[in-house]
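A.B. asks: Give me the fold of what follows.
(one chain, ligands or ions: 3)
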Amino acid sequence: MCGIVGLMATQPVNQALYDALTVLQHRGQDAAGMMTWHEGRFLLRKSNGLVRDVFHTRHMTRLKGHLGIGHVRYPTAGSSSEAESQPFYVNSPYGLALAHNGNLTNADQLKQELYSTDLRHINTSSDSEVLLNVFAHELGKQGHHLNPEDVFDAVRRVHRRCRGGYAAVAMINGFGMVAFRDPHGIRPVVFGTRETVTGQDVMIASESVALDVGGFELARDLAPGEAIFVDMDGVVHTQQCADRPSLVPCIFEHVYLARPDSILDGAYVYGTRMQMGRKLGDRILREWPEHDIDVVIPIPDTSRTSALELAQHLGVTYREGFMKNRYIGRTFIMPGQTQRKKSVRQKLNAIDIEFAGKNVLLVDDSIVRGTTCKQIIQMAREAGANRVYFASAAPPVRYPNVYGIDMPAAGELIAHGRSEVEVGELIGADRIFYQDLEDLKDACREVNPALERFDCSVFDGQYVTGDIDDAYLAALEASRNDAAKTQDGSVHAVVDLHNDVEDYG
Ligand SMILES: O=P(O)(O)OC[C@H]1O[C@H](OP(=O)(O)OP(=O)(O)O)[C@H](O)[C@@H]1O
Ligand SMILES: NC(=O)CC[C@H](N)C(=O)O
Ligand SMILES: [Mg+2]
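C.D. replies: Ligands and ions are numbered 1, 2, ... in the order given. Model (predicted):
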């Protein structure tokens, strides 16, 4: 779940792209990048780090132009090295740059095909470089005078070749900006416009919140399989490019990934999280009408919206018992378990008076590896809690994700192969409550009834692309578990786009 953004404007785009990336930071903290197009050249800055650390004034002044794309990365393939940060660039046809959110499930096969049939070389282990080259190859089949139809034909062939989850935004040198969404719409992407004195600007982004900050009006989500092409005059063209599109968006966006002030596929994430709190409250009242909970305490940040609603539904006091260090990022999307474990303590501190002698219900949006809840329960006990109950606004996470969330190893998921009660015992809770999967889906549907299906693979092990088997999952686990990840990453040389400027660093 990286963040992507693209902007075709009537004025320089660098600052607006920077601002958009800043509000998409929660989607990726490992690396950030921006590429703009100016007088027939692409200009690039990308590196490991947060947006504020990657772009300095000297980079910003170089990133000239009225067209550009940006990316914040949370790796789900390859390594965390700078060489795999995005956007990626390829010189043929025309000159192309692309930023991708998601994960291709047939990247290995495509890489083979690209080499042996399409005569293209992939220089990193990133699936996004693969996606760019498939798009490039398909676009190269069109003639030199590219029109929107040619771009859509190329996207149509990309959909036929690529499997998995992908939302991508790209620039075509001299022709315009294009974005496309996979035929199941697993990963989100929206677009919107802004009227200025000089004309209309068009922004494409992972989440609507990026549009808000730039003063853009949300037009709509891209439909599954649909592509948008914005030509150099800023004219918007859209077309459905998939043979059998059907909307099956990732439900984990609503649980954790997206910001609550975003609207995804017509559903306000704030609203879906409130409904999750209400549904979870119903379950607690159903299973334990005579409960003895004195206070409901959220685990900041993401669970706050659900926890407040849950407390009101139970008729129990809601209190902020943990203070969050605002300078520490999200722990779940950090690359290694050691770092994640250390960060929970650095990030959250208990306010003793909210715990002393009370039966507390701690609420989190989800329990994935169990890193957060184990430590938090211990902290609650150290702060003097009498009994510590734990509630998760999502069902047990039991299966790996293959569509753009870095949960590659079933063995690392605390609920894998365990019952709810067993997880409760393992994390040291006096009682545990999980959301029911049907209730989670209903929570989203209550906000947008048109949402019929969801990708719930982390909860039910059903992979909508139909290409995931045990062998695939075993290979993924072997290559991307925490131990494997710590071994790679640092040795990849950066082979990149060079411009004729002295200060490239
Ligand atoms: O069981 P775990 O493996 O610990 O993963 C789940 C936790 O990680 C996330 O928090 P995170 O700190 O990433 O972000 P937040 O501040 O948005 O809640 C999520 O909100 C849970 O708290
Ligand atoms: N989280 C994502 O969307 C990751 C995009 C891409 N698969 C990468 O690893 O860079
Ligand atoms: Mg959290």
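A.B. asks: For ligand 2, what's the nearest residue on the stretch 101-250 of the chain?
C.D. replies: Using C-beta to the nearest ligand atom, the single residue of the stretch 101-250 of the chain nearest to ligand 2 is residue 101, 4.0 Å away. Backbone N, C-alpha and C define where each C-beta goes, glycine included.
A.B. asks: Now do that residue: how many residues are near it, please.
C.D. replies: Per other C-beta atoms under 10 Å, the neighbour tally for residue 101 reads 30.
A.B. asks: Give the pairing partners of the strand or helix carrying it; include direction for each.
C.D. replies: Counting by DSSP states H and E, the element that carries residue 101 is strand 96-104. Taking DSSP bridges as the criterion, strand 96-104 forms sheet pairs with strand 88-90 (antiparallel), strand 164-172 (antiparallel).
A.B. asks: still on that earlier bit, hmm, the residue of the stretch 101-250 of the chain closest to ligand 2 is touching residue 6, no?
C.D. replies: No. Counting by C-beta atoms under 8 Å, residue 101 sits too far from residue 6 to count as a contact (11.8 Å).
A.B. asks: Tell me the spacing between the closest residue to residue 161 other than its chain neighbours and residue 357.
C.D. replies: In space, and not counting its chain neighbours, residue 161 is closest to residue 134: 5.5 Å by C-beta to C-beta, 6 or more residues apart in numbering. In this structure, residue 134 and residue 357 are 61 Å apart, going by C-beta to C-beta, to the nearest Å.
A.B. asks: Out of these two, name the residue with the larger neighbour count.
C.D. replies: Neighbour comparison, residue 134 and residue 357: the larger count goes to residue 134, with 24 against 9 (by other C-beta under 10 Å).
A.B. asks: who's in contact with that one?
C.D. replies: Neighbouring residues of residue 134 by C-beta atoms under 8 Å, 6 or more residues apart in numbering: 110, 114, 158, 161-162.
A.B. asks: quick one: which two of those residues are the most distant?
C.D. replies: Taking C-beta to C-beta, the two most distant members of the contacts of residue 134 are 114 and 158; they sit 12.4 Å apart.
A.B. asks: To which secondary structure element is the residue nearest to residue 161 assigned?
C.D. replies: helix 127-139.
A.B. asks: ok, now residue 478?
C.D. replies: Residue 478 is part of helix 470-480, with elements assigned from DSSP H and E.
A.B. asks: Same check on residue 421?
C.D. replies: helix 420-427.
A.B. asks: try residue 152
C.D. replies: Here residue 152 is assigned to helix 148-161, by DSSP H and E.
A.B. asks: buried residues in that helix?
C.D. replies: Within helix 148-161, the residues scored as buried using 16 or more other C-beta atoms under 10 Å are 148, 150-159, 161.
A.B. asks: How about residues contacting it?
C.D. replies: The contact list for helix 148-161 (C-beta under 8 Å, 6+ apart) reads 110, 113, 131, 134-135, 138-139, 141-143, 172, 175-176, 178, 180, 182-183, 225, 227, 229, 231, 237, 239, 241-243.
A.B. asks: next one: that helix to chain centre, how far?
C.D. replies: Relative to its parent chain, helix 148-161 has a centroid offset of 24 Å by C-alpha atoms, centre = their mean, to the nearest Å.
A.B. asks: Do you know the pLDDT at whatever residue of the stretch 1-150 of the chain ends up closest to ligand 1?
C.D. replies: Sorted by distance to ligand 1 under C-beta to the nearest ligand atom, the residues of the stretch 1-150 of the chain start with residue 26, at 6.7 Å. With respect to pLDDT, residue 26 has a value of 97.
A.B. asks: check contacts around it.
C.D. replies: Counting by C-beta under 8 Å, 6+ apart, residue 26 touches 3, 257, 259, 330.
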